[in-house]
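> need a 3D model of the following:
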Amino acid sequence: MRLVCCLVVLLFVFTSTVSANSVKTKTKADFQFAAIERLVEQEIGKIVLTEIYQQLGFSIEISSFSGNRAQFEANSGQKAGEIMRIFSYGAENKNLIRVPTPYYSLVTSAFIRKDSKIKITKASHLNGHKIARVRGVKHTNNITRDLPNVSDSNSTEAIFKLLLQGNVDIALTNYIDGIEVLKRLKLENEIITGQPLAELKLYHYLHKDHQAQVSKVDNMIKQLKKNGELAKIVKSAERTILNSSKIH
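Sure thing, here's the model as predicted:
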């Protein structure tokens, strides 16, 4: 009887181990990418890029980090790349290869208090003002380069808080990101935005170890653009994210 019990226990342990390994194998993604946390366009990009890779027959896993940490994870090769960055990002990170065709775009916008008399209609108007931006985000870093009064925070909510408190004059972020946060925080009557300051195409980046995938992904993006499917995927992703409370 003791022998039978031991065999049953061993069989249970073996079956559990095999089952656990099978689940692990099934859920392991083909590629793991980095994204920037707490930004609406990045959440939209997660959905769109996942669909692009699914069309290629690959599964992907995306982890969100601060902007600087995402850059480290991708450039060091700990992740296979980053889901979404601007064009100049490739020149700054020699280990990353830009997929040539962009798949999304963002508009850099200045948000101000509604009771403010500040008028921002072009990038040069930022000079002389105290500005808040989200840490590690390249498009706002670029547009504020060489400006003296710039502070970094960890989220769009944080820069809007600084703006409402009067600690800064302007909060800089992507238009769609800012509008989503204002809507969620019910601040539309307190904070407004001016004219677009820059529109930037957004690109997928792969670490050089995965160079063989660059042309495959690029061709798929081109194909989806040509047949109109990319626009549909983007619109669906925008609706999903803007109608959810996923950004915190």
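
> so what's the residue nearest the centre of the chain up against?
Geometric centre of the chain, nearest residue: Q42, 2.3 Å, by CA atoms, centre = their mean. Neighbour list for Q42: 35-36, 64, 83-84 [criterion: CB atoms under 8 Å, 6 or more residues apart in numbering]. Glycine gets a C-beta too; all of them are placed from N, C-alpha and C.

> same thing but at 10 Å, please
Counting by CB atoms under 10 Å, 6 or more residues apart in numbering, Q42 touches 34-36, 62, 64, 67, 70, 82-85, 104, 106, 137, 174, 177, 202, 241, 247.

> and for R113?
Going by CB under 10 Å, 6+ apart, R113 touches 160, 163-164, 166, 168-171, 187, 190-192.

> quick one: it from D169, how far?
Distance, R113 to D169, using CB to CB, to the nearest Å: 8 Å.

> can you pull the residues that touch both of these two?
With CB under 10 Å, 6+ apart, R113 and D169 have common neighbours L163.

> where does this structure dip in pLDDT?
For the chain, the stretches flagged by pLDDT under 70 are 1-27, 245-248.

> now with 90, please.
Residue ranges of the chain with pLDDT under 90: 1-28, 38-40, 136, 138, 194-195, 241-248.

> thinking again about what came up before, let's see the helix or strand hosting the residue nearest to the centre of the chain as PDB, backbone CA atoms only.
Following DSSP states H and E, one finds Q42 within helix 40-55. Only the C-alpha atoms of helix 40-55 are listed here, as PDB (Å, rounded to 0.1, in the frame of the first residue of the first chain):
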ATOM      1  CA  VAL A  40      -2.100  57.300 -24.000                       C
ATOM      2  CA  GLU A  41      -0.300  57.000 -27.300                       C
ATOM      3  CA  GLN A  42       1.800  54.100 -25.900                       C
ATOM      4  CA  GLU A  43      -1.300  52.200 -24.800                       C
ATOM      5  CA  ILE A  44      -2.700  52.700 -28.300                       C
ATOM      6  CA  GLY A  45       0.600  51.500 -29.800                       C
ATOM      7  CA  LYS A  46       0.500  48.400 -27.700                       C
ATOM      8  CA  ILE A  47      -2.800  47.300 -29.300                       C
ATOM      9  CA  VAL A  48      -1.700  48.300 -32.900                       C
ATOM     10  CA  LEU A  49       1.700  46.700 -32.800                       C
ATOM     11  CA  THR A  50       0.300  43.500 -31.300                       C
ATOM     12  CA  GLU A  51      -2.000  43.300 -34.300                       C
ATOM     13  CA  ILE A  52       0.800  44.000 -36.700                       C
ATOM     14  CA  TYR A  53       2.800  41.100 -35.200                       C
ATOM     15  CA  GLN A  54      -0.200  38.800 -35.100                       C
ATOM     16  CA  GLN A  55      -0.600  39.400 -38.900                       C
END
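
> fine, thanks again, bye for now.
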